[in-house]
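Undergrad: Okay, sequence plus prediction incoming.
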Amino acid sequence: WPRRWARSPPEVRHAMSAQAATPDYAQGAAYVGGQYVPIAEARIPITDWGFLRSDATYDVVTVWDGAFFRLDAHLERFMASCARFRLDPGLPPARIADVLARCVRLSGLRAAYVEMIVTRGQPPWGSRDPRQAVNQFHAFAVPYVWIANEAQRARGLHLAVSSVQRIPSTSVDARAKNYHWNDLTMGLLGALDGGADTVVLSDGAGHVVEGPGFNLFCVNAQGTIVTPAEGVLEGITRRTVIEMAAALGLPLQVRALPAAELRGAREVFLSSSGGGVLPVTRVDGAPVGDGAVGPVTRQLVDTYWAWHRDPRFATPVDYGPDTVSE
Ligand code: PLP
């Protein structure tokens, strides 16, 4: 018997073994320690520096209608994040793609949030040299995550501009996707306490940067779309918005975005793999434009979902029969 079962009475052991024979992946599937397990059973060691020090990098790709969206772009960014943090996933991108697809296949999910992670692991006891740690690769697929619920998407989010400064990129490279979220979480708590739905942080010099899980855009008073250039994760959805604007002939600038320009904007929206293009209709309690979701935002929302059917961006998942034999 596995050690954790050893002290269970025989009838419990029997139930556990029956359960183990038919693992339930309906809530999601994970790949940890080289094995596939139901999401609720996925564990990493408490001494992994990924947990103790947020010493990790990750990426999130989504599956929509049974196909990955921009899988190659996410894998490319993940490998770049790993290189920036001197983390080694130990698998080439093609093999990572296989693991992700298998997590999705096991779960059977047609709309999924699929995360890949490398943690530092743990150096030998007594050593504090990160170079001696064996980095660990983990992945999981769970049901699609929306960072705004249906009602918020319909009416537009209420956004607060926080006085909390985002960790500067000179300290933690924002281009490498990371778990240094205390600034985002404290900012979000303040915004929620004040009655807003979500928050955007600043760079400490009067510009807005990004929020918990999203990049920020506005359509300014001149009708130009603006998104911050520095101090942000280069979101794949942000890149998609930039490409959609070019395809639609909409003017767009990537540059510093003063909070005052955001407050005077005609339209504001967020971009995230957790829902795509998400409208914002209030900033610090004041209506954006006429307070309704604007036409540029609507056009980008529609184009975003239309692009999910474009073979340039969609990688279908093979949902054929699978067994967990590894
Ligand atoms: N900025 C931060 C801090 C994020 O964590 C995320 C996504 O989780 C984003 C921006 C948006 O990136 P993407 O469009 O690739 O989901």
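TA: Now that the structure is in, tell me what you want to look at.
Undergrad: And the helix or strand hosting Leu100, what does it pack against?
TA: Assessed by DSSP states H and E, Leu100 sits inside helix 93-107. Contacts defined by 3 or more Cβ pairs under 8 Å, 6 or more residues apart in numbering; DSSP states H and E place helix 93-107 against strand 29-32, strand 35-38, helix 71-84, strand 112-119, strand 136-143. Just so you know, the C-beta spots here come from the backbone N, C-alpha and C atoms, and that holds for glycine as well.
Undergrad: Using TSV, lay out these together with distance to the ligand.
TA: As requested, the helices and strands packed on helix 93-107 are exported to TSV (distance: least, Cβ to the nearest ligand atom, whole Å):
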stretch	distance to the ligand
strand 29-32	19
strand 35-38	24
helix 71-84	7
strand 112-119	10
strand 136-143	14
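Undergrad: In TSV: those, plus mean pLDDT and mean neighbour count.
TA: Shown next, in TSV, are the helices and strands packed on helix 93-107 (pLDDT from 0 to 100; neighbours: other Cβ atoms under 10 Å):
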stretch	mean pLDDT	mean neighbour count
strand 29-32	98	24
strand 35-38	98	18
helix 71-84	98	18
strand 112-119	98	24
strand 136-143	98	22
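Undergrad: Select, out of those, the one closest to Thr62.
TA: Closest of those to Thr62 is strand 112-119, at 6.0 Å (criterion: Cβ to Cβ).
Undergrad: Not counting its own residues, what contacts that closest one?
TA: 28, 44, 48-51, 55-63, 68, 78, 82, 87-90, 96, 99-100, 103-104, 135-145, 273-274 (Cβ atoms under 8 Å, 6 or more residues apart in numbering).
Undergrad: which of the residues you listed are buried?
TA: With burial judged by 16 or more other Cβ atoms under 10 Å, the buried subset of these is 28, 44, 48-51, 55-63, 68, 78, 82, 87, 89, 96, 99-100, 103-104, 135-142, 144-145, 273-274.
Undergrad: need the contact list for Trp49.
TA: Trp49 makes contacts with Asp55, Ala56, Thr119, Arg120, Gly121, Gln122, Pro130, Ala133, as judged by Cβ under 8 Å, 6+ apart.
Undergrad: Apart from its neighbours in sequence, what residue is nearest the third one?
TA: Read it as Thr119. Using Cβ to Cβ, 6 or more residues apart in numbering and skipping residues adjacent in sequence, the residue nearest Thr119 is Gly50, 2.6 Å away.
Undergrad: SS state for that neighbour?
TA: Of the three states, Gly50 takes helix under DSSP: H, G, I helix; E, B strand; the rest coil.
Undergrad: how about the helices of this structure, start to end?
TA: 10-21, 49-52, 71-84, 93-107, 150-155, 182-193, 236-248, 259-263, 295-307 (DSSP state H).
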